[in-house]
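>>> Predicted model follows, preceded by the sequence.
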Amino acid sequence: MSNLFTYTLRIADSSLILGQRMSEWCSNGPTLEEDIAMSNISLDMFGQANGFYQYAAQLDGTKSADKLAFRRNEREFFNHQLVEQENGDFGTTMVRNFLHDVFNFLFYTELSKSKDETLSALASKSLKEVKYHLRHSSNWLIRLGDGTGESNTKVQDALEELWMYTGELFEMDNLDAELLNSGIAVDNSALKSEWDRMVNKTLVKAKLTRPEDAYMATGGKKGLHTEYLGFILSEMQFLQRAYPDAKW
Amino acid sequence: MQSGNTKYIWELLNTVPDPEIPVISVVELGVIREVKFENHYLTISITPTYSGCPAVKTFMDDIKTCLTENHINNFELKIVYSPAWTTEWMTDATKEKLRKYGIAPPSNIVICPQCKSENTTLISEFGSTACKSLFKCDECLEPFEFFKCI
């Protein structure tokens, strides 16, 4: 496996798993408008994942994009643990997405300057969509945080619960460092200060308290996951596992 | 053999409608980026509107059907991501077609396609398709869709 292949796969995996989580809201949204919004966001995430999987498949030369998505096991997935966390109530979903959307916005902004032309093109394309995903989750965070006592408590609790999955977003391993040296990868650790600034700004508007940085979960890049990923994959991959190579 | 005549190919492509907004063609939508004829082979470069837009697969199939029905077989459809699709490529004539169809065209000011009032309110940033958001007119009270600027 080349470094570039693994790097591309990691990006694709986070988009796919978040897309799958968002698709769980389809027909379960709190209002019709939000149901449509979340299904739209899910579609964007799947589309972005597809672009990166197509590129990974091209780099690999042996597996198709579909095989990469539907025939790998849990330990072969490299998504951030944050995106596999349960949807919970609507507020919890908005908190999880907000934390990830801010990261995605900064990450794609940098990746669009990559020396790798395909990554750069996919990042510029994704960035346009991530901008309104971020606007959507930020607006909801403000509305819920600065809403009723109950909505504030719910999103504050979600924030406390999910905070430990944010440390991983800024981790750099040897693979990242090597690709950063060749001008391809993003320096994730350098995104932290701007992420902090943007998150803090919205939390203040939302009348929410930023949790203390304490224990941070890690492992997504190595294929280590929380208990939830297995359940997501068993549902998402069912058809291709039961009927291999089935076509739509 | 007409495939070498790229002007004719553009004309053919202009007959393929957008599957979700059939009053405009895929050419007017701005997704056809290049038509190139080289070594007796036609390459059509297409850029997706939104990464996950399900219409992309449909109009790619429609383009294939249109070309083969016109006896053009030596072609390939190529997906390109850069430069990313933007609503700025839409001409004024195309925008007018959208407006007549009842969709507010991409613009900084959202104007009601029914009564042309600028007094409009956003209902939701997400609409029936990835490219549209939902508005209502505060003058004539009609809800309508707005083609998002990206």
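Looks like it arrived, so ask away.
>>> Which residues are in contact with residue 27?
The chain I'm using is chain A. A:Asp35 (Cβ atoms under 8 Å, 6 or more residues apart in numbering or on different chains). No exception for glycine: its C-beta is placed from N, CA and C like everyone else's.
>>> think we crossed wires, I meant chain B
B:10, B:13-14, B:16.
>>> So what does it look like in phi/psi?
Dihedral pair for B:Val27: phi -70, psi -50, per degrees, to the nearest 10.
>>> before we move on, what about the one 5 residues further on?
The phi and psi torsions at B:Ile32 (degrees, to the nearest 10) take the values phi -80, psi 110.
>>> And for the one 4 residues further on?
Dihedral pair for B:Lys36: phi -130, psi 130, per degrees, to the nearest 10.
>>> how far away is it from B:Trp10?
For B:Lys36, the distance to B:Trp10 (Cβ to Cβ, to the nearest Å) stands at 12 Å.
>>> So which of the contacts of B:Val27 is the closest to chain A?
Among the contacts of B:Val27, B:Val16 lies closest to chain A (Cβ to the nearest Cβ), at 21.1 Å.
>>> isn't the closest one right up against B:Met60?
No. Using Cβ atoms under 8 Å, B:Val16 is not in contact with B:Met60; the gap is 9.8 Å.
>>> How about the residue in chain A that sits furthest from its center?
The centre of chain A is farthest from one residue, A:Gly149, which by Cα atoms, centre = their mean lies 29.0 Å away.
>>> give the contact list for the residue nearest the centre of chain B.
Residue closest to the average C-alpha location in chain B (Cα atoms, centre = their mean): B:Leu29, at 2.4 Å. The contact partners of B:Leu29, taken as Cβ under 8 Å, 6+ apart, are B:18, B:21, B:49, B:90, B:94.
>>> Give me the local confidence score for A:Met1.
For A:Met1, the pLDDT comes out at 69.
>>> Correction: the previous question concerned B:Ser3.
With respect to pLDDT, B:Ser3 scores 66.
>>> Likewise for B:Thr6?
88.
>>> Among the contacts of B:Val27, which one lies nearest to A:Gln48?
Comparing the contacts of B:Val27 against A:Gln48 with Cβ to Cβ places B:Val16 closest, at 25.7 Å.
>>> list the contacts for the residue of chain A found nearest chain B?
Minimum separation of chain A from chain B (Cβ to the nearest Cβ) falls at A:Gly47, amounting to 2.7 Å. Neighbour list for A:Gly47: A:129, B:48, B:50-53 [criterion: Cβ under 8 Å, 6+ apart].
>>> Just say helix, strand or coil for it.
Per DSSP: H, G, I helix; E, B strand; the rest coil, the local secondary structure of A:Gly47 is helix.
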